[in-house]
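one predicted model, sequence on top.
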Amino acid sequence: MPGPVTGDDGVARCPWAVGDPLNRDYHDTEWGMPISGESAYFERLTLEAFQSGLSWRTILAKRPAFREVFAGFDAEVVAGFGPEDEARLMADARIVRNRLKVAAAISNARACLDLRDDGGLAAFVERFRPEEQPAPATTEEMVTTSPESVALSKALKKAGFVFVGPTTMYALMEAVGLVDDHLVGCHRRGARAS
């Protein structure tokens, strides 16, 4: 598999970000950048769970609808969703309609609220930042789990979260800047704040 690929604009990027404007924009402005606040972390955690088994491009295209139907990922609002809300979500073709994932999002919102007395979801996830960053030169050198993502998965499950397996949690860690998996030579490598 390749290392960074130079796009039409002359900029070297991770291969998945070349050729598609939606992926390129996400790669260049968001992936690997730190975020803050409960709703931002809850959004990323929810979207990573919905992405399981699908392409990230599919989730990005549906993201505006996800934000709308999940009340801007306000955990307090989503935690109050009941059977009528689940039915409404399952009838909305603008999002991924998977009953287990919809139920997981609501359950995870409730678990988010339970973490507030312990610093909240953001602080909880941040505790699993690895001491050393990977430095993949090619996509073949990238991993899909790490000891930290395994530990985060176990800790979140213990705290009542679901759909938070080690691979999904590694993707979350990449998305929020805990892990810098931009390939060596990619213009975004090392651009995240620490």
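Yep, it's here. Numbering: from 1, shown residues only.

I'd like the next helix or strand past the longest helix along the chain.
Criterion DSSP state H: the longest helix present in the chain is helix 99-115. Next along the chain after helix 99-115, taking DSSP states H and E as the criterion, comes helix 120-126.

compute the inter-axis angle for the helix or strand that comes right after that following helix and helix 99-115.
Sequence order places helix 147-158 as the next helix or strand after helix 120-126, per DSSP H and E. Using axes from the mean of the first three to the mean of the last three CA atoms, to 10 degrees, the direction of helix 147-158 lies 90 degrees away from that of helix 99-115.

contacting residues around helix 147-158?
For helix 147-158, contacts defined as CB atoms under 8 Å, 6 or more residues apart in numbering pick out 111, 124-125, 128-130, 164-170, 172-173, 178-179. Where C-beta positions appear, they are placed from N, C-alpha and C, glycine not excepted.

weed out the non-buried ones from those residues.
111, 124-125, 128, 164-166, 168-170, 172-173, 178-179 (16 or more other CB atoms under 10 Å).

return the subset of these lying in helices.
Judged by DSSP H, the subset of those located in helices is 111, 124, 125, 166, 168, 169, 170, 172, 173.

tell me the pLDDT of the third one.
Each residue has a pLDDT score; the one for residue 125 is 98.

could you number the chain from 120 rather than 1 from now on?
In the new numbering, first residue 120, that becomes residue 244.

with distance to residue 188 added, can I get the ones in helices among the buried ones among the contacts of helix 266-277 in a markdown table?
Listed next are these as a markdown table, based on distance: CB to CB, whole Å:
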| residue | distance to residue 188 |
| --- | --- |
| 230 | 19 |
| 243 | 25 |
| 244 | 23 |
| 285 | 28 |
| 287 | 21 |
| 288 | 24 |
| 289 | 26 |
| 291 | 21 |
| 292 | 26 |
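
okay, among those, which ones form the most distant pair?
Greatest spacing in those, by CB to CB: 230 and 289 (19.5 Å).

any weak-confidence spans in this protein?
120, 311-313 (pLDDT under 70).

OK, contacts around the closest residue in space to residue 279 that isn't next to it in sequence?
Counting by CB to CB, 6 or more residues apart in numbering, residue 230 is the residue found nearest to residue 279 once chain neighbours are left out, at 4.0 Å. Each residue near residue 230 by CB under 8 Å, 6+ apart is listed here: 275, 278, 279, 280.

repeat that with 7 Å
278, 279, 280 (CB atoms under 7 Å, 6 or more residues apart in numbering).

neighbour-wise, which of these leads?
Ranked by neighbour count (other CB atoms under 10 Å), the contacts of residue 230 have residue 280 at the top, with 24 neighbours.

helix or strand: which one has it?
Using DSSP H and E, no helix or strand contains residue 280.

over to residue 164?
Using DSSP H and E, residue 164 maps to helix 157-170.

so how far is stretch 138-152 from its chain's centroid?
With CA atoms, centre = their mean, to the nearest Å as the basis, stretch 138-152 stands 13 Å off its chain's centre.
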